[in-house]
Every structure is written in structure tokens, then in C-alpha cells.
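S.K.: Provided below for reference: sequence and predicted model.
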Amino acid sequence: MGCDHAAVAAKGVVVDELRACGFDVVDVGADGAVAVDYPDYAQKVARAVAAGEAPWGVLLCGSGIGMSIAANKIAGVRAALVHDVTGAELSRRHNDANVLVLGGGMVGDRLIREIVRTWVKSEFEGGRHSRRIDKIRALESAGDKEQP
């Protein structure tokens, strides 16, 4: 679990909901209103997920956009910026997202709770979606070797 200064309050809502769902939460910060750089927190959470230290992660910033861009730079991470319950479910079922990203300034507390609950309860369907995830992995391993 990580956030920047713009989403500290929303992070508290997520942490509470995750604990209510029975999960232990490792909070890598931030913890206050002092401005911090979101890529630092995205990297901490994404690297932990990619290394298998955590099965999945949650990131928040004001819009969620910066965190999702930064987290998706780490190979093995499929960070999904989610704004609604349907997106939460599909990001897990179809995309096997392993990092949930929320915009702390974009989504209210009640909806955050619903999104988190849905995301942690949804499972990857496999099947035709596995083929697509394999193609994403191939893109990661190709790196910048292939030019458009």
C-alpha cells in the first residue's frame, strides 16, 4: 500500500477496508501533507509485487494517473487505474491486474470501499485472457529492442 501526499486520507479508507476484509497491510507511505514524489512510492509497491514479496498492491495519488504510469514501468506489474466497481472486477478477471490504482481526489470514500472489496474478491478467469497476459509479458521481455 502506498500513496503520495494528495491521497493520504483516501489511503486510510483503503487500509481500513483491506483490514475489514481480513488482510494484513504493509504501508510504505506517504503519511502526511508534505509534498512527495509519487514515483518513489509506486516503485516501492510495484517492486514488492514484482519480486513476489506481496501478491498484489494498492497505490493512490490525486488522480491515480501518475501512480499507474510509474508502476507499469516495472516488469511483471499490471497496474490498473480504476474508477468504478465494474472496472475493479474486470481488471482482475480479464487483465489479472496485480496493482490497484485509485485517484484519491477522484473517488469518494464509499466508492473506494466498494472498489477495494470487489477487487480483492475478483479472480483471474484465465482462458483466452491468459493468452493476452502472455503477450503483455512478451512485450516486457522485448523491452525497447523492437521499434515501431
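M.R.: Here it is on my side, so go on.
S.K.: what's the burial count for residue 70?
M.R.: Using other Cβ atoms under 10 Å, residue 70 has 23 neighbouring residues. C-beta: built from backbone N, CA, C; applies to glycine.
S.K.: Just give me how far the helix or strand where residue 68 lies sits from the chain centre.
M.R.: In this assignment (DSSP states H and E), residue 68 forms part of helix 65-71. In terms of Cα atoms, centre = their mean, to the nearest Å, the gap separating the centre of helix 65-71 from the centre of its chain is 9 Å.
S.K.: tell me the mean pLDDT for it?
M.R.: The predicted model assigns helix 65-71 a mean pLDDT of 98.
S.K.: tell me which residues in it are buried?
M.R.: By 16 or more other Cβ atoms under 10 Å, the buried positions in helix 65-71 come out as 66-68, 70-71.
S.K.: Quick one: mean pLDDT for stretch 135-146?
M.R.: The average of the pLDDT scores along stretch 135-146 is 81.
S.K.: Let me see the mean pLDDT of the helix or strand encompassing residue 17.
M.R.: Element membership for residue 17, per DSSP H and E: helix 8-20. Averaging pLDDT along helix 8-20 yields 98.
S.K.: just to revisit the earlier point, reformat the buried residues of helix 65-71 as JSON lines; add distance to residue 100.
M.R.: JSON lines is the format used below for the buried residues of helix 65-71 (distance: Cβ to Cβ, whole Å):
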{"residue": "66", "distance to residue 100": "15"}
{"residue": "67", "distance to residue 100": "10"}
{"residue": "68", "distance to residue 100": "10"}
{"residue": "70", "distance to residue 100": "14"}
{"residue": "71", "distance to residue 100": "10"}
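S.K.: Residue 85: which of these is nearest?
M.R.: Closest approach between the buried residues of helix 65-71 and residue 85, by Cβ to Cβ: residue 68, at 17.9 Å.
S.K.: In this structure that closest one contacts residue 79, no?
M.R.: Yes - look at residue 68 against residue 79 with Cβ atoms under 8 Å: they come within range, at 4.9 Å.
S.K.: between those two, what contacts are shared?
M.R.: Counting by Cβ atoms under 8 Å, 6 or more residues apart in numbering, the common neighbours of residue 68 and residue 79 are 59, 101.
S.K.: all strands of this structure, in order?
M.R.: In chain order, the chain shows strands spanning 2-3, 57-61, 79-81, 99-103, with DSSP state E as the criterion.
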